[in-house]
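just need the structure, nothing else, for what follows:
(chains A and B)
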There are 2 protein chains.
Amino acid sequence: PDAEAEAAARARNGQLTKPPGALGRLEDLAIWYAGWRGVARPSLLRPQVIVFAGNHGVTARGVSAFPAEVTVQMVANFRAGGAAVNQLAKAFGASMSVHELELERPTADFTTAPAMSEAELLAALAVGWQAVDVEADLLVVGEMGIGNTTPAAAMACALFGGTAGEWTGRGTGVDDAGLALKTQVVAEGLARHPSRDPLEVLRCLGGREIAAMAGAIARAHAERIPVILDGFICTAAAAVLALSASGALDHCVAGHASAEGAHRALLSKLGKAPLLDLGLRLGEGSGAALAIGVLKGAIACHSGMATFAEAGVSDG
Amino acid sequence: PDAEAEAAARARNGQLTKPPGALGRLEDLAIWYAGWRGVARPSLLRPQVIVFAGNHGVTARGVSAFPAEVTVQMVANFRAGGAAVNQLAKAFGASMSVHELELERPTADFTTAPAMSEAELLAALAVGWQAVDVEADLLVVGEMGIGNTTPAAAMACALFGGTAGEWTGRGTGVDDAGLALKTQVVAEGLARHPSRDPLEVLRCLGGREIAAMAGAIARAHAERIPVILDGFICTAAAAVLALSASGALDHCVAGHASAEGAHRALLSKLGKAPLLDLGLRLGEGSGAALAIGVLKGAIACHSGMATFAEAGVSDG
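Alright, predicted model coming up:
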């Protein structure tokens, strides 16, 4: 971030017609955004939402409440404008694009082999890297991939320790028996792939859409585009970056706390406090897209309000 | 609310392309809104924000960190478009109006006399009632009135019991000595005015802008216009209605939990869970205006998403 712009934004914030601190987190958000955009009085005009879709070999183990063909069906729904994230992107003035990653060729079942080869991992990271519009002034990345809370749980456990049970949740809605099976599958994957190097964790236990999200978040850092993180799977992708380089997620804010069991714990490991907590657990970038509204409000206040001097208001 | 529209909205919600419940509170919000608007697939096109301003005799006791002339200065700022709530109303497509209630004639200091006469109370309620645009499809009411967390604390304590200390907070930012004085002033007001009839509490301990908010919220109920409640003072106004008639706040959702000490407790007494919790404590309707974005997102998803049948997606 640009320290000078951030300091100027902080100074401006102190002069706006409100008691000090009275806009709470909106003030911090606006100052953070100003720093990353390098301008003391920024606008948010070109938010970009990207949804990455991938399929997962591990669904053969019965870890999801939905059949794997729903991934490609939902991609068609995104393209037709019928999914939740389409409505939210439109409501908050964001562009939206969908990138499907070899849906006809799922990753390998990680209980028997690495999910991806090195070449496959690199290709997926590159899809994400290239999907970012460098003219965007905010990025939201979402995902669609039936079964992908399973790789996300395995990745979180590999990256931060603990037991498979602590990181495994119900995803789109498996029952108790399904949860027990899913936990067992996560544990098998962790035992099968002992490396805890972040990129190896992503390659062996992750998925193409998860890698693409990581690639896009990394590109946004390079381009100084602030990012709103979505739910559990997006945060697992971001965690790979956090453990790879210090400060790699300084351009990211947590959009929401998902109802997916371990999301809160994962955010806490990354030191990110969610903006919203409304029980969403849909993925697609939906929670982050909803949080665009909060960030828009923060920036509108910061850049649009009058100062005490401009308004002729006594400052206490 | 319209039970038929609500049932139709609930049925529609169950057919949308997402796992059941995956949009969390957004689903409940959309169904609630549909019921109040009487249409299964509603739009939110005409949100209205109204800010009421009043002055308080009790400021003579030194209960605020800001001088009383800031009320009229801020009214000018609202009219010029320079306050926080102006930016938020604009960001979320809401109209905004300001109503000042006899600023040159503050209420009486409630430690010595009732804040308002019966005629003054009725006039203030009527200002609120008449300020509502009956063509609006959402209402946010906010307030400006230096010193008005003091009457709000006194009202909350009178309406729900407990001690003055439990309901009195720092407002725009009084220090420890200021908080002790403010608590003492609240206790004096409570002792001076023993009636616990809700409208008498409003008359003796409240203020004109607080009464106007109550009048507007009541009008919205009559017109089936959903309301997003703002912070502590707005919620104290709403509480008068809640204790006057059963179901009087069924058309209201809590926009946020304010950082003002007792707001959370007051919402809890009313059985309202806040949509946002971002540390705002500005008043003006700012927290509720920010929550318009959440409600817009909820309604956009509900009314814009494809059903499983429309999208050709397997429903698990």
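
chain center to stretch A:94-109, what's the gap?
How far stretch A:94-109 lies from its chain's middle: 16 Å, per CA atoms, centre = their mean, to the nearest Å.

mind listing the strands for chain A?
In chain A, the segments counted as strands under DSSP state E are A:47-53, A:95-100, A:138-144, A:227-229, A:252-254.

what strands line up against the first one, and which way round?
What that stands for is strand A:47-53. Paired with strand A:47-53 in the same sheet, following DSSP bridges, are strand A:95-100 (parallel), strand A:138-144 (parallel).

most tightly packed of those?
strand A:138-144 (a mean of 29; mean count of other CB atoms under 10 Å in any protein chain shown). From N, CA and C alone the C-beta is placed, and that goes for glycine too.

my guess is A:Q48 contacts A:V134. True?
No - with contact defined as CB atoms under 8 Å, A:Q48 does not count as touching A:V134 (9.9 Å).

and those two? which has more neighbours close in?
Per other CB atoms under 10 Å in any protein chain shown, whichever of A:Q48 and A:V134 has more neighbours is A:Q48, with 23 against 11.

which residue packs closest to the more buried one, ignoring adjacent ones?
In this structure, A:Q48 finds its nearest non-sequential neighbour in A:A136, 3.8 Å apart by CB to CB, 6 or more residues apart in numbering or on different chains.

give me the neighbour count for that neighbour.
Quick note: A:A136 (other CB under 10 Å) scores 20 neighbours.

that one is in contact with A:V49, isn't it?
No - using CB under 8 Å, A:A136 is not in contact with A:V49; the gap is 9.6 Å.

quick revisit: and the strands paired with strand A:47-53 as CSV, adding mean pLDDT and distance to A:L278?
Shown next, in CSV, are those (pLDDT from 0 to 100; distance: least, CB to CB, whole Å):
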stretch, mean pLDDT, distance to A:L278
strand A:95-100, 98, 21
strand A:138-144, 98, 16
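
point out the residues in the stretch 201-316 of chain A that sit beside chain B.
Where the stretch 201-316 of chain A comes near chain B, counting by CB under 8 Å from any CB of the partner chain, the residues are A:259, A:275-282, A:286, A:289-290, A:293-294, A:296-297, A:300-301, A:304-306, A:310-314, A:316.

list buried residues within these.
Among these, those classed as buried by 16 or more other CB atoms under 10 Å in any protein chain shown are A:259, A:275-282, A:286, A:289-290, A:293-294, A:296-297, A:300-301, A:304-306, A:311, A:313.

columns distance to B:C252 on top of the strands of chain A, output as CSV?
Output for those, formatted as CSV (distance: least, CB to CB, whole Å):
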stretch, distance to B:C252
strand A:47-53, 30
strand A:95-100, 33
strand A:138-144, 30
strand A:227-229, 29
strand A:252-254, 29
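
nearest to B:F110, of those strands?
strand A:252-254 (43.1 Å; CB to CB).

what helices or strands is the closest one leaning on?
For strand A:252-254, the contact count by 3 or more CB pairs under 8 Å, 6 or more residues apart in numbering or on different chains; DSSP states H and E identifies strand A:227-229 as packing neighbours.

given the strand it packs on, what are its sheet partners and their directions?
Strand A:227-229 has these strand partners (DSSP bridges): strand A:138-144 (parallel), strand A:252-254 (parallel).

quick check: mean pLDDT across the shortest one?
Across strand A:252-254, the average pLDDT comes to 98.

how about the residues of the stretch 1-150 of chain A near chain B?
A:16-26, A:65-67, A:69-70, A:73-74, A:76-77, A:80, A:82-84, A:86-88, A:90-92.

so which of these are in helices?
Among the residues of the stretch 1-150 of chain A next to chain B, the members found in helices (DSSP state H) are A:25-26, A:70, A:73-74, A:76-77, A:80, A:84, A:86-88, A:90-91.

farthest pair within those residues?
Taking CB to CB, the two most distant members of these are A:L26 and A:Q73; they sit 38.5 Å apart.

higher neighbour count, those two?
Higher neighbour count among A:L26 and A:Q73: A:L26, with 28 against 18, using other CB under 10 Å.

ok, now which ones touch the nearest residue to the more buried one once chain neighbours are set aside?
Leaving out its chain neighbours, the residue that sits closest to A:L26 by CB to CB, 6+ apart is A:A298, at 3.9 Å. Contact partners of A:A298, counting by CB atoms under 8 Å, 6 or more residues apart in numbering or on different chains, are A:23, A:25-27, A:29-30, A:33.
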